[in-house]
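[1] the following comprises the amino acid sequence and a computationally predicted model.
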Amino acid sequence: MPEFQHDPDQAAWKQGVMSGEIELEEIDTQAFTDRYGKLAINVAPAKAAAG
């Protein structure tokens, strides 16, 4: 997306989130779970590649 390629405000926000300085609020997902929970798939975390 070209609108995000050179946006210093977005880059600073992202850095703050990634470093833990900015904490994102929790999103209530109960409505999704109630509606689609039985259809949702569980994705296990990828195992680290043996090196």
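    Perfect, thanks for sending it.
[2] in PDB, list the C-alpha atoms belonging to stretch 5-24.
    Provided in PDB are the C-alpha atoms of stretch 5-24 (Å, rounded to 0.1, in the frame of the first residue of the first chain):
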ATOM      1  CA  GLN A   5       5.500   3.300   2.500                       C
ATOM      2  CA  HIS A   6       7.000   6.500   3.800                       C
ATOM      3  CA  ASP A   7       4.800   7.500   6.800                       C
ATOM      4  CA  PRO A   8       7.000   8.400   9.800                       C
ATOM      5  CA  ASP A   9       4.000   8.600  12.100                       C
ATOM      6  CA  GLN A  10       2.900   5.000  11.200                       C
ATOM      7  CA  ALA A  11       6.500   3.800  11.500                       C
ATOM      8  CA  ALA A  12       6.900   5.400  15.000                       C
ATOM      9  CA  TRP A  13       3.500   3.900  16.100                       C
ATOM     10  CA  LYS A  14       4.600   0.400  14.900                       C
ATOM     11  CA  GLN A  15       7.900   0.700  16.600                       C
ATOM     12  CA  GLY A  16       6.100   1.700  19.900                       C
ATOM     13  CA  VAL A  17       3.800  -1.300  19.600                       C
ATOM     14  CA  MET A  18       6.600  -3.800  18.800                       C
ATOM     15  CA  SER A  19       8.700  -2.500  21.600                       C
ATOM     16  CA  GLY A  20       5.900  -2.700  24.100                       C
ATOM     17  CA  GLU A  21       5.800   1.100  24.800                       C
ATOM     18  CA  ILE A  22       2.300   1.200  23.300                       C
ATOM     19  CA  GLU A  23      -0.100  -1.400  24.500                       C
ATOM     20  CA  LEU A  24      -3.100  -2.100  22.200                       C
END
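[3] in that stretch, what's buried?
    Buried residues in stretch 5-24, defined by neighbour count with 16 or more other Cβ atoms under 10 Å: none. Any C-beta I mention is one placed from the backbone N, CA and C, and that applies to glycine too.
[4] now it: how far from the chain's centre is it?
    13 Å (Cα atoms, centre = their mean, to the nearest Å).
[5] what about the helices in this protein?
    Along the chain, counting by DSSP state H, helices occupy 8-19, 30-36.
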